[in-house]
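Q: Generate a structure from the sequence data that follows.
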Amino acid sequence: MTKVFSPGPNIRLPRIHDPALLVFVRHGQTDWNREGRMQGHRDIPLNDTGREQAAGNGERLRAFLEEEGLDPAGFDFVSSPLGRTRSTMELLRSGLGLPAGDYRLEQRLAELTFGEWEGFTFEDLADDEQERLLHRRADKWRFTPPRGESYEMLAERVGAWLKTVSKPTVVVSHGGVFRVVRGLLEGLESVHVPKLDAPQDKVFVWRDSRFAGI
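A: Numbers count the residues shown, from 1 in each chain. Model (predicted):
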């Protein structure tokens, strides 16, 4: 008999900070993104599409900063330590006319880990992990893969970092991190956060207490 899982309580995330200007870019595509494989902390490189997306986001950001009269040299540039985010950041900075490697790494911006599920697609797990997949479907915010992290856990470390943002900042990180950052900045309900779209070919700008994509 298939076990039935009930969703946990839906909560509204606290709006813990309101930075004046925060730019968020998700890393470009990898082969595992294309194949639907869970990456987490696995260090999978950008593919050709991902490099094009990263360079394109550099062009978008350059045009935005020029239009707004903002000097990119006045921003703090921060990246997740994983290779796909570092490659994206370096292509982005090159597009801004800045030295590619002059940015900081922040461990708290690493993607949530899927633990033992990393490298698998959900289709791969359908037979052996049916019960856990049903649990995840019922409560994606709190569900923790074996030896992995939940979105709720991710929000704790990302939130601790977010409180430190005190100057205009450009962040290159991951899809899960973006969802949590947006949830914490906008005070969204927890049930909606894991479902937020996180495109790899768009730059998101937080200012005037809202996100806008460019």
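Q: Mind checking what helix or strand follows the lengthiest helix in the chain in sequence?
A: For the chain, the longest helix by residue count, based on DSSP state H, is helix 48-68. Downstream of helix 48-68, the first helix or strand assigned by DSSP states H and E is strand 76-79.
Q: For that following strand, name the packing helices and strands.
A: helix 83-95, strand 104-105, strand 169-173 (3 or more CB pairs under 8 Å, 6 or more residues apart in numbering; DSSP states H and E). The way it works is simple: take the backbone N, C-alpha and C, and place the C-beta from them, glycine included.
Q: mind running it again at 10 Å?
A: strand 22-26, helix 83-95, strand 104-105, strand 169-173 (3 or more CB pairs under 10 Å, 6 or more residues apart in numbering; DSSP states H and E).
Q: okay if I get these as CSV plus distance to residue 153, mean pLDDT and mean neighbour count?
A: Below are the helices and strands packed on strand 76-79 laid out as CSV (distance: least, CB to CB, whole Å; pLDDT from 0 to 100; neighbours: other CB atoms under 10 Å):
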stretch, distance to residue 153, mean pLDDT, mean neighbour count
strand 22-26, 20, 98, 25
helix 83-95, 20, 98, 23
strand 104-105, 21, 98, 13
strand 169-173, 16, 98, 26
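Q: Tell me which of those lies nearest to residue 49.
A: helix 83-95 (12.2 Å; CB to CB).
Q: tilt between the longest helix of the chain and strand 169-173?
A: Orientation note: helix 48-68 sits at an angle of 170 degrees relative to strand 169-173 (axes from the mean of the first three to the mean of the last three CA atoms, to 10 degrees).
Q: Just the buried positions in helix 48-68, please.
A: Across helix 48-68, burial judged by 16 or more other CB atoms under 10 Å covers 49-51, 53-58, 60-62, 65.
Q: List just the one of the helices and strands packed on strand 76-79 that sits closest to residue 212.
A: Among those, strand 22-26 sits nearest to residue 212 (CB to CB), with 10.6 Å.
Q: Following the chain onward from that closest one, which element is next?
A: Assigned by DSSP H and E, the successor of strand 22-26 is helix 31-35.
Q: avg pLDDT for that following helix?
A: In this model, helix 31-35 carries a mean pLDDT of 98.
Q: same deal with stretch 137-157?
A: 97.
Q: from now on call the first residue 455
A: With the count now opening at 455, the last piece we talked about shows up as stretch 591-611.
Q: Could you pull out the buried residues of that stretch?
A: Those would be 593-599, 602-606, 608-609, 611, for stretch 591-611 by 16+ other CB under 10 Å.
Q: gap between the nearest residue to residue 656 once chain neighbours are set aside and residue 499?
A: Nearest non-adjacent residue to residue 656, counting by CB to CB, 6 or more residues apart in numbering: residue 667, 4.8 Å away. According to CB to CB, to the nearest Å, residue 667 stands 25 Å off from residue 499.
Q: Compare the two and say which one has the larger neighbour count.
A: residue 499 (14 against 11; other CB atoms under 10 Å).
Q: Could you pull up the residues touching the more buried one?
A: When contacts are counted by CB atoms under 10 Å, 6 or more residues apart in numbering, residue 499 touches 482, 484-486, 505, 536-538, 541.
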